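# Show me the folded form of this:
(chains A and B)
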Amino acid sequence: MARARDGDVVAFEALVEARLARLHRTACAILDNESDAADAVQDACLSAWRELPKLRDVEAFDAWVSRVLVNSCRMLLRRRARVHEVAIAPHHDRPGPGSVGPEASNELDAIIRAFAHLDPDERSLLVLHHLRHEPLASIAAALHVPDGTVKSRLHAARASLEALLTEDES
Amino acid sequence: MSGPRHSITDEALERALIRKATRPLDPRLLEVITANAAATPQVHRWRGPSAGTGTAIAWIIVAGIVTLAGVVFAAAGIGRRPPDLGTVTTPSVEAPSVVQASPSRQSECATAFDVRTGAAMSPTDTPEVTLGSLGAGLGVYEVGTDPSGVFAAEIWRVRGSDPTSRRIATVSGDGLNLATPIDASADGSDFLLLAGRVVPLAEQQSCVDLYRLVVKEGDPTDVERLTSMLPGQVVTDAAYSPERDRIAYAVRCGQPTGAVLILDVATSQTTESPGCEGQWSGDLEWSPDGRRIAVRCGQDILVLDTSSEDAEVRVGRSLSVLAFTWTDDRHLEVASVTSSGPGGLRVESIDVVAGQISDTWAVQDEAIDWLTTSYGAGTFSPDAKRIVLRAWTTDPDGNGSQAGFLVDAVGGLPTEILSSAMGPLGWSPDGAYLYYEDNSAITDDPSVGRLTMTRLELASGSTLTITELPSWTLDGVWRLP
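Model prediction:
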């Protein structure tokens, strides 16, 4: 860590390598495709490289990188939300790209589908809590909200997901 | 909504998230992160330059009145790697023969791959000729890498009404293997240039930036570096807006993702438009009113409305886009390959505001085995009513060859107009002529080659060899034939 803080790229590479798989999994869970996930991980790691000399508590490195990653994911999702897909009439010889969605094969698929409709903050909350099992205080720090707000938003995110699933079933 | 509310257990939610999170990790990711950190410790954006900072670097060329023997670039600000564009000279040499204008934007990379798509092309020991993007009556082309790997790109200007073509600059530099003019003002005083290094199958080592070359009285007087790409980032196309107050450029990053950025010429502010994430970004074209930009993103066409940051339209297609062009401010003519089977070509007019296809037409022709979708394989005529494309055909003995076809974009079967091997095809401004390079003129000696540019008159079918391009040698010294 000390060498990386001093600008040693090889040391930084070792730091990243040990955490890369976990960071990638988190990004994949929040985002919808691997390309975005790779993008977010790169952004987070480069931010870490830039800011590493300023990090006073080296023990906080993992939580800090996670926080940066979650914010990168949220930014990506918000930017993507600004793109409006316009449905084009399907070709007579080939189905259009968005004509039919995959049928739900099981509950997990249905959850994943519903998850894609959540907003960036709701996704991040659920991933940090249910996948990474982060403490509420850590989630609060990552999302820049009070601890109590995390609880209420977790409840709301869960309710949103369940509502989406109910709507999907109906 | 009816029925009981669906409840999710913690276990089910965790399992679903684990399933969602379990994706293969690209082994190149660590390498890219490390390379970016090592190369640009003070710059952290993965994509192109951010607003207000990306164009902070100005590269200044110190030029002589007649000949620019040396170029000094001065970098201001952040510690990027030194520029690749090292030398710009202006030989006072006139081309020996006539080259007419070719208005198409065709820009295949001079080396053995397609810089637009990243697709590897057939390896070749011979350089290729690139037809640059052209304004009215103006053409620019580039002659590329010599076989030894020493790079020198000659940029020539040609005019439809002018019996001479003129070499306006030779661009070379350490590490450079690409220098392609891609957009030019009608008067030839200002054009955009892509220059950098592209390494096939090693995206993270590629880096191509956008430069602006100002030409006065036939001589370049200034080169400005407009972007500062990181290793792994390649500017694939750029174009001035119709009012020439903005420059839109597409960036392809090392991972399969891209971005479209718009540079305000007056303020040097850069804004990034959303929508191309997760896909390659390629060629782009402004609508005639300068409000929208159509850009190739993967196999889709993305239409960006620059008047509203929330108004992006993805013209989602399940097809491979061959070519596209604006016919008016809201209609985009798109030619796509519909199948990998015999001759599937579809032409559509898409209303990008309503998201509707107003006209569509398709052709299946057994004469065309398959349509290559590499950049420059298809080009609309200036009036968007015809398409010229390169495709593969098979003779009765099963031998495949490349041929040029002319297709009426509003109906009709393709007509084979060229049967020889050829490079990119370009239209004359009036649509009466096609221009192409004739690869068959390559000599047997791989160290010395010569290409010809040919003009085809569509009405009569007659061809005219209008120029022989300069030959080249292993030492990279250019000489006229």
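# Check which helix or strand B:A259 maps to.
For B:A259, the host element (DSSP states H and E) is strand B:258-264.
# what are the pairing partners of that strand, and which direction each?
Using DSSP bridges, the strands paired with strand B:258-264 in its sheet are strand B:246-252 (antiparallel), strand B:270-273 (antiparallel).
# what's the most buried one of the ones you listed?
With neighbours defined as mean count of other CB atoms under 10 Å in any protein chain shown, the strands paired with strand B:258-264 peak in mean count at strand B:246-252, which reaches a mean of 25. Where you see a C-beta, it was placed from the backbone N, CA and C, and this is true even at glycine.
# could I get that one in CSV with only the CA atoms?
What follows is strand B:246-252 as a C-alpha-only set of coordinates in CSV (Å, rounded to 0.1, in the frame of the first residue of the first chain):
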residue,chain,number,x,y,z
ARG,B,246,-18.7,22.4,-33.2
ILE,B,247,-16.8,19.3,-33.8
ALA,B,248,-18.4,15.9,-33.0
TYR,B,249,-16.1,13.0,-32.6
ALA,B,250,-16.5,9.4,-31.8
VAL,B,251,-14.2,7.5,-29.5
ARG,B,252,-13.7,3.8,-29.2
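# what is the rounded mean pLDDT of that strand?
Per-region confidence: strand B:246-252 scores 89 on mean pLDDT.
# Then stretch A:145-156?
The pLDDT scores in stretch A:145-156 average 85.
# Quick check: buried residues in it?
Residues of stretch A:145-156 classed as buried by neighbour count (16 or more other CB atoms under 10 Å in any protein chain shown): A:V150, A:R153, A:L154.
# for the stretch 301-450 of chain B, what spans make up the strands?
For the stretch 301-450 of chain B, the strands identified by DSSP state E, counting those that start in this stretch occupy B:312-315, B:320-326, B:331-337, B:345-351, B:356-363, B:370-371, B:378-380, B:386-394, B:400-408, B:415-418, B:422-427, B:433-438, in order along the chain.
# among the ones you listed, which is the most enclosed?
Taking mean count of other CB under 10 Å, strand B:378-380 is the most buried of those, at a mean of 25.
# which intervals of chain A have sub-threshold pLDDT?
Across chain A, the ranges flagged by pLDDT under 70 are A:56, A:79-106.
# does the closest residue in space to A:I30 that isn't next to it in sequence belong to a helix or a strand, and which?
The shortest distance from A:I30 to any residue other than its chain neighbours is 4.3 Å, reached at A:C73 (CB to CB, 6 or more residues apart in numbering or on different chains). In this assignment (DSSP H and E), A:C73 forms part of helix A:61-81.
# Next to chain A, which bits of the stretch 351-481 of chain B? Give me the list.
With the criterion set to CB under 8 Å from any CB of the partner chain, the stretch 351-481 of chain B comes near chain A through B:V352, B:G355, B:Q356, B:I357, B:T360, B:A362.
# and if we set it to 10 Å?
By the criterion of CB under 10 Å from any CB of the partner chain, the positions of the stretch 351-481 of chain B lying close to chain A are B:D351, B:V352, B:V353, B:A354, B:G355, B:Q356, B:I357, B:T360, B:A362, B:Q364.
# pLDDT score for the last one?
In the predicted model, B:Q364 carries a pLDDT score of 64.
# Then the first one?
For B:D351, the model assigns a pLDDT of 84.
# Comparing the strands of the stretch 301-450 of chain B by mean pLDDT, which bottoms out?
strand B:370-371 (a mean of 56).
# Nearest to A:A110 among the residues of the stretch 351-481 of chain B next to chain A?
Sorting these by distance to A:A110 puts B:G355 at the head of the list, at 28.8 Å, by CB to CB.
# what's around that closest one, how many residues?
For B:G355, the tally of surrounding residues (other CB atoms under 10 Å in any protein chain shown) stands at 18.
# contacting residues for B:K385?
Listed by CB atoms under 10 Å, 6 or more residues apart in numbering or on different chains, the contact partners of B:K385 are B:T327, B:E333, B:D408, B:A409, B:V410, B:G431.
# C-terminal to the strand or helix carrying A:R19, which secondary structure element comes first?
Element membership of A:R19 [criterion: DSSP H and E] is helix A:9-30. Following the chain from helix A:9-30 toward its C-terminal end, the next helix or strand by DSSP H and E is helix A:34-51.
# B:L17 versus A:V65, what's the distance?
Note on A:V65: its distance to B:L17, by CB to CB, to the nearest Å, is 19 Å.
# of those two, who's got more company?
B:L17 (26 against 23).
# what's around the residue nearest to A:I30, how many residues?
Using other CB under 10 Å as the criterion, A:C73 is surrounded by 27 other residues.
# Please name the residues that touch the residue nearest to the spatial centre of chain A.
Per CA atoms, centre = their mean, the C-alpha nearest to the average position across chain A is that of A:I30, at 2.9 Å. With contacts defined as CB under 10 Å, 6+ apart, the neighbours of A:I30 are A:36-37, A:40, A:69-70, A:72-74, A:76-77, A:115, A:118, A:120, A:123-128, A:131, B:17, B:20-21.
# quick one: it and A:W64, what's the gap?
Taking CB to CB as the measure, A:I30 falls 17 Å from A:W64.
# quick one on the thing from earlier: in helices only, show me the buried residues of stretch A:145-156.
Counting by DSSP state H, the part of the buried residues of stretch A:145-156 found in helices is A:V150, A:R153, A:L154.
# Which of those residues sits closest to chain B?
Within those, proximity to chain B (CB to the nearest CB) peaks at A:L154, which comes in at 11.2 Å.
# surely that closest one meets A:D147?
No: under the criterion of CB atoms under 10 Å, A:L154 makes no contact with A:D147, lying 11.0 Å away.
# what sits in contact with each of these two?
Overlap between the neighbourhoods of A:L154 and A:D147 consists of A:L136, A:I139, taking contacts as CB under 10 Å, 6+ apart.
# which SS state does B:A459 fall under?
Each residue gets one of three states, and B:A459 gets coil by DSSP: H, G, I helix; E, B strand; the rest coil.
# wait, I meant A:A140
Of the three states, A:A140 takes helix under three-state DSSP.
# Test my guess that it contacts A:T149.
Yes: because the distance of 7.1 Å satisfies CB under 10 Å, A:A140 is recorded as touching A:T149.
# Counting neighbours, what do you get for A:V127?
With other CB under 10 Å as criterion, A:V127 counts 25.
# nope, A:L55 is what I was after
Neighbouring residues of A:L55 were enumerated by other CB under 10 Å; the total is 16.
# Next: A:D57.
Using other CB under 10 Å, the number of residues around A:D57 comes to 8.
# Touching, it and A:A63? I think so.
Yes: between A:D57 and A:A63 there is a contact under CB under 10 Å: 9.4 Å.
# Before we go further, B:S268 is sitting in a strand, right?
No: inclusion of B:S268 in a strand is not indicated when three-state DSSP is applied; the result is coil.
# And chain A, what are its domain boundaries?
Per the record's domain assignment (automatic domain parsing), chain A is made up of the domains A:1-83, A:104-170.
# which of those domains is buried the deepest?
Across the domains of chain A, the average number of neighbours (mean count of other CB under 10 Å) peaks for domain A:1-83, which reaches a mean of 19.
# where's the residue in chain B positioned nearest to chain A relative to B:A21, distance?
When distances are taken as CB to the nearest CB, chain B approaches chain A most closely through B:G355, which lies 3.1 Å from it. Per CB to CB, B:G355 is found 34 Å from B:A21.
# ok, now B:L434?
For B:L434, the distance to B:A21 (CB to CB) stands at 53 Å.
# got it, and B:S268?
Distance from B:S268 to B:A21, counting by CB to CB: 41 Å.
# cool, B:G378 as well?
The gap separating B:G378 from B:A21 is 41 Å, by CB to CB.
# can you check B:L304 too?
As judged by CB to CB, B:L304 and B:A21 stand 32 Å apart.
# Look at the two and report which has more neighbours.
Neighbour totals were compared for B:L304 and B:A21, and B:L304 leads with 27 against 20 (other CB under 10 Å).
# for the more buried one, which residues make a bridge with it?
B:I293, B:E312.
# what's the answer for B:E272, then?
Using DSSP bridges, the bridge partners assigned to B:E272 are B:L261.
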